[in-house]
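>>> need coordinates for the following:
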Amino acid sequence: MKKLVLTLLLAVAALPAMAYGNSNVKLSLWDRIAVAVPNNNLDEIVGLDLGIGSTAEHVSGVQLDLLYANAKNDFVGIQWAWILAVTPEFKGWQAALLSMSDQFTGLQTGLVNFNRQGFTGVQWGFGNVSDTFTGVQLGFVNYAKSVNGLQFGFVNYTEEIYGLQIGLANIARNGWFPAMILVNGRF
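Numbering: from 1, shown residues only. As a prediction, this is how the structure comes out:
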């Protein structure tokens, strides 16, 4: 019942994006085995993308897939999949067991969250990895080359911090000390 309510809420969340004239709904069996209504455009999704596994070039709205969700270029909205969610440039909420992006703004949730370049927002999962990070990392293990914000976890690591680390093991090369128990940081 909870899954049905969540699905309905996500569909309702996509309605504002679908109010524009070029909106569509894509139903995907697997990757390119799909149909989009009303214009059969499988690459430009403005609205709702539902399926088992789906790939599109650009998505603005909700991409809700059973196994994997992939937007090849950019995504604005909510991307959810059980196993893998991938988007190079993302704005919104991304959730999966493995969530991946290059440039990210928003909330990234999953067992493992991986970001290759700039991240602004919140990473929340068992393991969080990012290059340049601004915001809050919440996880068992948090890693970022550069942090401007908060790392809260069991093990936190960064080369350069402007903010705070809270956890059992906190490693920051430019922190108050290179490694500290409970709290480390630099302001």
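
>>> name the residues of the helix or strand hosting Glu57 that are buried.
Using DSSP states H and E, Glu57 maps to strand 44-81. Residues 45-56, 58-65, 68-71, 75-81 are the ones in strand 44-81 that count as buried (16 or more other CB atoms under 10 Å). Quick note: C-beta positions are derived from backbone N, CA and C, even for glycine.

>>> what average pLDDT does it get?
What strand 44-81 shows for mean pLDDT is 94.

>>> same for it, what does it pack against?
Applying 3 or more CB pairs under 8 Å, 6 or more residues apart in numbering; DSSP states H and E, one finds that strand 44-81 contacts helix 2-18, strand 24-30, strand 33-37, strand 84-95.

>>> mean pLDDT lowest for which of those?
Taking the mean pLDDT of the helices and strands packed on strand 44-81, helix 2-18 comes last: a mean of 48.

>>> how many residues are close by Leu168?
Leu168: 10 surrounding residues under other CB atoms under 10 Å.

>>> follow-up on the earlier one: now do the strand holding Glu57: distance to the chain's middle.
Relative to its chain's centre, strand 44-81 lies at 12 Å (CA atoms, centre = their mean, to the nearest Å).

>>> do stretch 37-51 as well
For stretch 37-51, the distance to the chain centre is 21 Å (CA atoms, centre = their mean).

>>> okay, that stretch in PDB with CA atoms only?
Extracted in PDB, the C-alpha atoms of stretch 37-51 (Å, rounded to 0.1, in the frame of the first residue of the first chain):
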ATOM      1  CA  VAL A  37       2.200   9.400 -25.500                       C
ATOM      2  CA  PRO A  38       1.200  11.700 -27.200                       C
ATOM      3  CA  ASN A  39       4.200  12.400 -29.500                       C
ATOM      4  CA  ASN A  40       6.200   9.100 -29.300                       C
ATOM      5  CA  ASN A  41       9.400  11.100 -28.400                       C
ATOM      6  CA  LEU A  42      11.500   8.700 -26.400                       C
ATOM      7  CA  ASP A  43      14.400  11.100 -25.700                       C
ATOM      8  CA  GLU A  44      12.800  14.300 -24.600                       C
ATOM      9  CA  ILE A  45      10.600  13.500 -21.600                       C
ATOM     10  CA  VAL A  46       8.700  16.400 -20.000                       C
ATOM     11  CA  GLY A  47       6.400  14.700 -17.500                       C
ATOM     12  CA  LEU A  48       6.400  11.000 -16.500                       C
ATOM     13  CA  ASP A  49       8.700   8.100 -17.400                       C
ATOM     14  CA  LEU A  50       7.700   4.800 -16.000                       C
ATOM     15  CA  GLY A  51       9.200   1.400 -16.700                       C
END
